[in-house]
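**Q** sequence unknown, structure follows:
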């Protein structure tokens, strides 16, 4: 299992945003300080208010709108699934983080959640996932926006 801890300035807004992306909220680990966002049976976001998060670190909490600390990437089942997930996020307070990237064998779009945390959604062609991107590119070509260095 993986638990990713992110901060929020508005817990209710964050819960609404992540449920719009198709996640569930686990009420057993959710209160006025934190929400447990369930992506799947092994992947969870603990969305924590700044005050609650301060209990776990002596470091300064950065503003994700102005500082990038990390990004989390999730695979989707298709390019259309990437697009529909991002569109749901945009309709619920998110903003697009850059432009879509189409490498032929892989398609990516990124969102800033309402607090500025970066979430990326990716679809990779099964052949590329199984045999590596070079095998896919050798058979199908590099695509419209080739990966640097390939």
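**A** Sure, I can see it. Nothing here was measured: the structure is a model prediction, and the numbers come from that model.
**Q** domain parsing for the protein?
**A** By the assignment in automatic domain parsing, the chain contains the domains 1-53, 71-144.
**Q** residue 65: which of those is closest?
**A** Closest approach to residue 65 among the domains of the chain (CB to CB): domain 71-144, 3.7 Å. No exception for glycine: its C-beta is placed from N, CA and C like everyone else's.
**Q** what's the closest of the domains of the chain to residue 64?
**A** Using CB to CB, the nearest of the domains of the chain to residue 64 is domain 71-144, at 3.3 Å.
**Q** report the central residue of this structure.
**A** residue 119 (2.3 Å; CA atoms, centre = their mean).
**Q** identify the residues contacting that residue.
**A** Residues in contact with residue 119 (CB atoms under 8 Å, 6 or more residues apart in numbering) are 71-74, 89, 110-113.
**Q** buried subset of those?
**A** 89, 110-113 (16 or more other CB atoms under 10 Å).
**Q** now stretch 128-148: average pLDDT?
**A** The average pLDDT within stretch 128-148 is 65.
**Q** the residue nearest to the centre of the chain: which element?
**A** Per DSSP states H and E, residue 119 falls inside strand 118-124.
**Q** that strand pairs with which strands, parallel or anti?
**A** Strand 118-124 pairs in its sheet with strand 71-75 (parallel), strand 106-112 (antiparallel), by DSSP bridges.
**Q** would a markdown table of those with distance to residue 59 and mean pLDDT be doable?
**A** As requested, the strands paired with strand 118-124 are exported to a markdown table (distance: least, CB to CB, whole Å; pLDDT from 0 to 100):
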| stretch | distance to residue 59 | mean pLDDT |
| --- | --- | --- |
| strand 71-75 | 19 | 92 |
| strand 106-112 | 21 | 95 |
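**Q** let me have those in CSV, adding distance to residue 19 as columns.
**A** As requested, the strands paired with strand 118-124 are exported to CSV (distance: least, CB to CB, whole Å):
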stretch, distance to residue 19
strand 71-75, 15
strand 106-112, 15
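**Q** what's the closest of those to residue 15?
**A** So among the strands paired with strand 118-124, strand 106-112 is nearest, using CB to CB, at 16.0 Å.
**Q** the lengthiest helix in the chain vs strand 118-124, what angle?
**A** For the chain, the helix with the greatest residue count under DSSP state H is helix 79-90. Using axes from the mean of the first three to the mean of the last three CA atoms, to 10 degrees, the inter-axis angle of helix 79-90 relative to strand 118-124 is 170 degrees.
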